[in-house]
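S.K.: dropping a prediction and its sequence here:
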Amino acid sequence: MAKEQDGSPKVRHPEFQRMRVTLTIGVIGLCVTAYILGAWQGTSNGINSSLISTRTQCKDNVRSSGARLDFQAHHQVGFNESVLAVEKFPPCQLKYSEYTPCQDPRRARKFPKKMMQYRERHCPKKEDMLRCLIPAPPNYNNPFQWPRSRDYAWFNNIPHRELSIEKAVQNWIHVEGDLLRFPGGGTMFPHGADAYIDGINALVPLNEGNIRTALDTGCGVASWGAYLMKRNITTMSFAPRDSHEAQVQFALERGVPAMIGVMGTERLPYPARAFDMAHCSRCLIPWNKLDGIYLIEVDRVLRPGGYWILSGPPIHWKRHYKGWERTEEDLKQEQDEIEDLAKRLCWKKVIEKGDLAIWQKPINHVECVDSRKVYDAPQICKSNDVDSAWYKKMDSCISPLPDVKSEDEVAGGALERWPKRAFVVPPRIIRGSVPGFTPEKFQEDNKVWSERVNHYKKLIPPLGKRRYRNVMDMNAGIGGFAAALMEYPLWVMNVVPSGLAHDTLGVIYERGFIGTYQDWCEAFSTYPRTYDLIHADKIFSSYQDRCDITYILLEMDRILRPEGTVIIRDNVEVLVKVQAITGGMRWKSQIMDHESGPFNPDKILVAVKTYWTGKPMEKQ
């Protein structure tokens, strides 16, 4: 019996092995199934929490866009709640609803008026920075979609009547019930910007793609830039915050690029050779004064072969001098001085016809260098530091152009016509003047951002459905994000943070896009609620050791419209900190997978600013 018992296991061994194999296969199958299910959930675009909604053009109604945004966190990263306790930010007082921190009129009074210094950037000290949320005015409505926004805005969003009264004859703005209407007029084009632009086009072709970027100094409500858009010309318009209160705010409410800015003592925050065309329509800038320093600055930012257009005093003074309440002698002297300065800058006058005068900058400085033997001033600067423009004083010398081998060569390199220009390797990269970027890396960058934007459209379906008009890229690189959005009816303010090792803003302009320099430890030169979508790539990881990132997020909240969207790319540790802060800012947010999948340590935080407004101020 013992032998039989000892031998019995040998009889059952094959069956036992089969059971073990079956069990092992079953466990493996369950693991694989669980992994696939988890991966599917982690990359799902399913929406389960909040709505990206837009307000209809009737007050107090809310319409769903039909696209839901998934705020279910796919990556639960633990952190110490006591360390990252959520700070609840209160609303600021309603009197701050149009607060512009670095152009605060009360602070401006402390600075000299000479050369408009008091209207330049003067940012608050850290102890004076607001730690609250800027409220929208009562009854705020989301703006109309483009192109209707070009012509109409809600009065409650910008409750100012001053321009409609002061500029009534010039057709800047009309108040019609609860709407503001923009007829497209201007001081020198009371019959409309379209007719005025047609006049320019008859003198300088605007529809051939050679002119893509323009600069409008003293822009008013930016009707010139608004009507150039249908000609595929993007204009950077700027005006100071002055007695008219909200010129730039009107422009941005219309969906037109604009910034608060002034020609004072500092360079404009743009690189050299940025704009194909610059424009002044009675912009009140004393071009012939101060040794021509303002026209010298226009020369710096104007591309070789670019045009400068002037209308208003002193042009056509024989007809207008009585209306301008100036003497013939005074106006003639001003024009003579401008003509002389333009010659000394080596500009050639293209034409003067009616109310328009147009000059053209040379394509290189070959002849201009020789002409210094004739003209004592301005001399050509010895320094090649022509792109630096963040708190950089203006020069009284001519910014030098890159060397050329012949008189027919365009300094810095010729540009392709738009839209081909956006995807051809820019001259600055071909010349190797931007370290770290080669033609191969340029093409690779375009591919990367095309893939990323396609991923964004899955996360935020309204991105491809006319939901957004004013877009900001806080760390634009070489403009890949803007290029990937070209097919949509929107524009992008490409921001290059100041102090970077490699300045790429010149490349962005060569591609036909616009942008500016900015230090994100300070406020941006715009009004509250002027951007629909803000994109921030690696901003917080690069700034977390420079300043309190809470104030960067509060600044983003200030310039973002109610129900606007934020996309933040960074490593997951930084995004957890950011999300903890936004938890007290009335944002709804979610950390999502990188487009390459769940194993990439970089993630994407998508947030929506909820709709809320300030309470009406009680009568004292």
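M.R.: Perfect, I can see it now.

S.K.: next secondary structure after the strand or helix carrying residue 352?
M.R.: Using DSSP states H and E, residue 352 sits in strand 348-353. Of the helices and strands lying after strand 348-353 in sequence (DSSP H and E), the nearest is strand 356-360.

S.K.: for that following strand, the distance to its chain's centre please.
M.R.: The chain centroid and the centroid of strand 356-360 are separated by 28 Å, computed with CA atoms, centre = their mean, to the nearest Å.

S.K.: tell me which other helices or strands the next helix or strand after that strand touches.
M.R.: The helix or strand immediately downstream of strand 356-360 is helix 366-371, counting by DSSP H and E. Judged by 3 or more CB pairs under 8 Å, 6 or more residues apart in numbering; DSSP states H and E, helix 366-371 has no packing partners among the helices and strands. Where you see a C-beta, it was placed from the backbone N, CA and C, and this is true even at glycine.

S.K.: what's helix 366-371 in contact with?
M.R.: 344, 345, 346, 362, 380, 398, 404, 407 (CB atoms under 8 Å, 6 or more residues apart in numbering).

S.K.: what about the fourth one, neighbour count?
M.R.: Other residues within reach of residue 362 by the criterion other CB atoms under 10 Å amount to 19.

S.K.: which of the three states applies to the closest residue to residue 572 other than its chain neighbours?
M.R.: In space, residue 572 comes closest to residue 603 once its chain neighbours are excluded; the distance is 4.7 Å by CB to CB, 6 or more residues apart in numbering. The three-state assignment at residue 603 reads strand, by DSSP: H, G, I helix; E, B strand; the rest coil.

S.K.: equivalent analysis for residue 175, please.
M.R.: strand.

S.K.: show me what it is bridged to.
M.R.: Applying DSSP bridges to residue 175 yields these beta-bridge partners: residue 180.

S.K.: any idea how many residues pack against it?
M.R.: 15.

S.K.: with residue 227 instead?
M.R.: If we define neighbours as other CB under 10 Å, then residue 227 has 22 of them.

S.K.: from residue 220, how far out is it?
M.R.: 13 Å (CB to CB, to the nearest Å).

S.K.: those helices in the stretch 51-200 of the chain, which residues are they?
M.R.: For the stretch 51-200 of the chain, applying DSSP state H, counting those that start in this stretch gives helices covering 105-108, 162-166, 193-201.

S.K.: return the most buried member of those.
M.R.: Of all the helices of the stretch 51-200 of the chain, helix 193-201 carries the top mean neighbour count, a mean of 17, counting by mean count of other CB atoms under 10 Å.

S.K.: packing partners for it?
M.R.: Packing partners of helix 193-201 (3+ CB pairs under 8 Å, 6+ apart): helix 223-228, strand 356-360.

S.K.: the bottom helix or strand of this protein by mean pLDDT?
M.R.: strand 62-69 (a mean of 38; mean pLDDT, DSSP states H and E).

S.K.: circling back to that earlier point, out of the contacts of helix 366-371, which sit inside helices?
M.R.: If you go by DSSP state H, those have residue 344 in helices.

S.K.: wait, which of the contacts of helix 366-371 is closest to residue 191?
M.R.: The nearest member of the contacts of helix 366-371 to residue 191, counting by CB to CB, is residue 345 at 32.1 Å.

S.K.: longest strand anywhere in the protein?
M.R.: The single longest strand within the chain, with elements called by DSSP state E, is strand 560-571.

S.K.: against which helices or strands is it packed?
M.R.: Counting by 3+ CB pairs under 8 Å, 6+ apart, strand 560-571 packs on strand 50-55, strand 531-537, helix 539-543, helix 572-582, strand 602-609.

S.K.: from the ones you listed, which stretch is densest packed?
M.R.: Mean neighbour count (mean count of other CB under 10 Å) peaks for strand 531-537 among the helices and strands packed on strand 560-571, with a mean of 24.

S.K.: against which helices or strands is that strand packed?
M.R.: Applying 3+ CB pairs under 8 Å, 6+ apart, one finds that strand 531-537 contacts strand 470-473, helix 549-559, strand 560-571.

S.K.: okay, those, which one's buried deepest?
M.R.: strand 470-473 (a mean of 25).

S.K.: now the helix or strand that comes right after that one: mean pLDDT?
M.R.: Going down the chain from strand 470-473, the next helix or strand is helix 480-484, by DSSP H and E. The pLDDT scores in helix 480-484 average 98.

S.K.: for stretch 329-342, same thing?
M.R.: Stretch 329-342 shows a mean pLDDT of 98.

S.K.: and that stretch, which residues are buried?
M.R.: 331, 334, 335, 338, 339, 341, 342 (16 or more other CB atoms under 10 Å).

S.K.: would you turn those residues into JSON lines with secondary structure?
M.R.: Shown next, in JSON lines, are the buried residues of stretch 329-342 (three-state DSSP):
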{"residue": "331", "secondary structure": "helix"}
{"residue": "334", "secondary structure": "helix"}
{"residue": "335", "secondary structure": "helix"}
{"residue": "338", "secondary structure": "helix"}
{"residue": "339", "secondary structure": "helix"}
{"residue": "341", "secondary structure": "helix"}
{"residue": "342", "secondary structure": "helix"}
